[in-house]
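1. My questions concern the predicted model and sequence given below.
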Amino acid sequence: MAKFSSPAGPRARSRFLSASVPWLRAIAARAFGNLGWPILLKELRADFRKNRFFISHFICLAAIAFGILFKIWNGRESQLTSVQLGRDVFDLFFIIQYMIVLIVFPAFSATAFSEERVNRSLDLLITTDLQAVEIVWGKFLATSIYCLISVVATIPLLAVSTLLGGVKLIEILAAYGFLIGLTVIIAMIGVYFSSWFQANIRSTLAVYTVVLAFSGYSFYEYGELDKLAKQSEGSTLIGQIIEKYSYQPVETGKAVLEANSFEKFWSLGGFFIMGGFLFAYLFLLAANRIRPFLANRSTSLRILTLLFLVFYLVRQAVEFPWFVHLAREEHVLGMVAVAALILFLAALAYPTETPALSRPGGGGSRVRLLALFQYPFAPGASSGLVYVLLLTAAASMILAAVCRAAAGSGIPGEALARVRETLLTLPFYVFAFSTLGFFLSGCGFTPRYSVLTVFFIFVITALLPMIFHFFNWKDGIFSFYYLSPITLWWSLAGADMRPEEGPKFLLFGAPIIHVAKAVYGFLGFFFTAWGIYAGRRAVN
């Protein structure tokens with residue numbers, strides 16, 4: 001018996017596939033392209049013909065080899081055991097290779113794009129058929145391959161420490177994973193800064209400034225790890241790092257909380273995932289620097305911001321029981337502070353974009369649903385406002401769930417009340433500033449001037465209580481001191497904060513934090529309505 005079907009079904013499916021598949025294909029092509037093979041081939045041919053490749057690699061390998069030989073000779077004179085000598089050799093190898101990565105490798109990537117500008121060849125490169133991501137991929141891969149050769153070439157030298165003993169396989173894998181990851185991040189930092197500056201010296205100084213700050217933090221961490229190594233002998237430097245940043249047994253009052261293998265992998269792998277997010281941000285920002293002004297610059301960044309915020313909050317929530325080196329109250333407040341910073345940066349960046357008409361397409365119901373799902377990630381000020389509001393709602397729900405889970409963990413009820421009140425105020429605060437950027441964009445402000453205006457208003461609003469406090473001015477309704485996050489936090493500081501020590505915490509008999517939420521909400525709706533009116537008037 002023949003089976004008949006309505007022609008609407010196949011047509012709807014074809015419309016859905018025709019709308020979804022190109023969108024996914026476009027994202028993949030925008031993110032990867034052909035991995036910049038023409039740029040990569042050209043850069044590798046040029047780099048390997050230079051004398052600096054052989055000289056730099058010879059010096060790096062010679063420094064590691066002489067350091068290992070000196071350590072072995074000195075260890076034999078000190079009559080160390082073979083196991084102790086193997087650990088000392090491994091630690092010295094890691095420290096020398098780490099310093100090479102921080103000192104030598106930034107110079108190779110800091111001139112990736114600035115050198116093209118000096119030679120006036122970047123404009124010709126952009127006019128080719130290569131996409132912006134392909135150009136960045138080519139520059140990054142050429143630089144990272146150039147540097148990774150030095151890291152991989154040290155494997156025979158590392159084999160000396162394994163022959164002496166005392167080094168575990170997991171420590172070797174962790175050491176090379178850390179060195180390779182650090183090399184990739186530094187290469188991407190160099191490519192990013194080189195896309196911003198016109199001169200080689202400026203981009204090089206910017207990269208080394210970041211590396212210098214990271215080196216200072218590394219020396220501080222090394223001092224802490226050296227203290228732990230003296231207290232508990234029998235482990236390498238990498239072993240101490242693994243032990244410090246992995247979940248340790250915690251006494252919860254009822255039992256000892258032990259981490260399983262998945263949770264230990266999660267605790268250590270989270271650092272590499274966070275490094276991956278940093279790499280992705282730098283890559284997309286570098287690609288946006290060479291994209292045309294009217295090109296789509298925000299869709300990939302919005303997807304990445306959503307993934308990063310969700311991953312950060314989930315990771316911090318999972319780590320909550322093991323976070324014993326800080327008070328649990330500070331851990332929750334730190335989560336709220338980082339989430340607020342990410343949301344505020346999103347409110348600065350996305351609603352201030354150039355207005356764009358992004359309407360859901362026609363077709364079947366599934367196609368319209370897909371278009372509505374894509375709308376918050378589409379470029380434009382209106383979609384940016386919707387995106388920030390949805391992102392704020394998602395972050396608030398996750399943080400509220402963490403607060404409910406933390407209620408029975410020993411945190412004082414007063415501290416949890418402050419966190420809850422902060423979470424209730426955060427959506428109104430982000431709503432007001434995101435709609436302000438949307439309003440300025442609708443009035444014809446460029447994205448740069450919109451961002452600067454919103455940021456300066458934020459700074460002025462935050463410093464209002466300081467101004468009235470230092471000049472002993474009266475805190476009235478027209479001083480707007482209750483809009484400052486500093487004043488709001490003072491109002492939630494607890495019983496140890498007396499009203500005569502700071503601004504008044506009551507306004508018209510109500511707590512100022514409730515007044516601030518009402519004002520934030522009113523300003524948000526006011527800026528939204530005015531922004532829509534100004535945007536439509538500009539289009540017409």
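-> Received it, and whenever you're ready, just let me know what you need.
2. name the element Asn296 belongs to?
-> Using DSSP states H and E, Asn296 sits within no helix or strand.
3. Might you report the residue contacts of it?
-> Pro379 (Cβ atoms under 8 Å, 6 or more residues apart in numbering). The C-beta positions use only the backbone N, C-alpha and C, and glycine is treated the same way.
4. Quickly note the distance from it to Val386.
-> According to Cβ to Cβ, to the nearest Å, Asn296 stands 16 Å off from Val386.
5. try Phe58
-> Distance from Phe58 to Val386, by Cβ to Cβ: 56 Å.
6. Please identify which of the two sits among more neighbours.
-> Val386 (20 against 10; other Cβ atoms under 10 Å).
7. Enumerate every residue touching that one.
-> Tyr375, Pro376.
8. State the mean pLDDT of the helix or strand where it lies.
-> If you go by DSSP H and E, Val386 is part of helix 381-406. Mean pLDDT, computed over helix 381-406, is 87.
9. In it, which residues are buried?
-> 381-389, 391-392, 395-396, 398-399, 402-403, 406 (16 or more other Cβ atoms under 10 Å).
10. could you point out which element follows that helix?
-> helix 413-442.
11. What pLDDT is listed against Pro321?
-> Each residue has a pLDDT score; the one for Pro321 is 65.
12. Check the model's average confidence along the one helix or strand Phe277 maps to for me.
-> Element membership for Phe277, per DSSP H and E: helix 261-290. For helix 261-290, the mean pLDDT works out to 83.
13. other SSEs contacting that helix?
-> helix 132-152, helix 169-194, helix 237-245, helix 299-319 (3 or more Cβ pairs under 8 Å, 6 or more residues apart in numbering; DSSP states H and E).
14. list the contacts for the closest residue to Val184 other than its chain neighbours?
-> Computed as Cβ to Cβ, 6 or more residues apart in numbering, the closest residue to Val184 that is not its neighbour in sequence is Ser144, at 5.6 Å. Residues in contact with Ser144 (Cβ under 8 Å, 6+ apart) are Ser109, Thr183, Val184, Ala187, Met188.
15. redo that, cut-off 7 Å
-> Each residue near Ser144 by Cβ atoms under 7 Å, 6 or more residues apart in numbering is listed here: Thr183, Val184, Ala187.
16. Could you do Ala112 as well?
-> Lys139, Thr143, Gly190, Val191, Ser194.
17. Which of the residues you listed sits closest to Phe214?
-> Using Cβ to Cβ, Gly190 comes nearest to Phe214 of the contacts of Ala112, at 13.2 Å.
18. Okay, that closest one and Asn51: tell me how far apart.
-> 21 Å.
19. cool, Ala153 as well?
-> On the measure of Cβ to Cβ, Ala153 and Asn51 end up 18 Å apart.
20. Neighbour count: those two, which is higher?
-> For the pair Ala153 and Asn51, the greater number of neighbours falls to Ala153 (13 against 7), based on other Cβ under 10 Å.
21. Check which helix or strand the residue nearest to that one when sequence neighbours are not counted maps to.
-> Once flanking residues are discounted, Ala153 sits nearest to Leu61: 6.1 Å by Cβ to Cβ, 6+ apart. For Leu61, the host element (DSSP H and E) is helix 51-77.
22. and that helix, which residues are buried?
-> Buried, per 16+ other Cβ under 10 Å, within helix 51-77: Ser56, His57, Cys60, Leu61, Ile64, Ala65, Gly67, Ile68, Lys71, Ile72, Gly75.
23. which helices and strands does that helix pack with?
-> Counting contacts by 3 or more Cβ pairs under 7 Å, 6 or more residues apart in numbering; DSSP states H and E, helix 51-77 is packed against helix 82-103, helix 132-152, helix 155-164.
24. Format those as TSV; extra columns: mean pLDDT and distance to Thr209.
-> Shown next, in TSV, are the helices and strands packed on helix 51-77 (pLDDT from 0 to 100; distance: least, Cβ to Cβ, whole Å):
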stretch	mean pLDDT	distance to Thr209
helix 82-103	85	13
helix 132-152	86	19
helix 155-164	79	31
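25. contacts for stretch 271-287?
-> With contacts defined as Cβ under 7 Å, 6+ apart, stretch 271-287 is touched by 132-133, 136, 181, 184-185, 188-189, 191-192, 195, 245, 300-301, 304, 308, 311.
26. can we see that at 8 Å?
-> Contacts of stretch 271-287 (Cβ under 8 Å, 6+ apart): 113, 132-133, 135-136, 140, 177, 181, 184-185, 188-189, 191-192, 195, 245, 300-301, 304, 307-308, 311-312.
27. circling back: would you convert the contacts of Ala112 into TSV that also reports neighbour count and distance to Gly166?
-> What follows is those, written out as TSV (neighbours: other Cβ atoms under 10 Å; distance: Cβ to Cβ, whole Å):
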residue	neighbour count	distance to Gly166
Lys139	27	41
Thr143	27	35
Gly190	34	36
Val191	28	39
Ser194	28	42
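28. Pick out whichever of the residues you listed sits closest to Leu163.
-> Nearest member of the contacts of Ala112 to Leu163, counting by Cβ to Cβ, is Thr143, at 33.5 Å.
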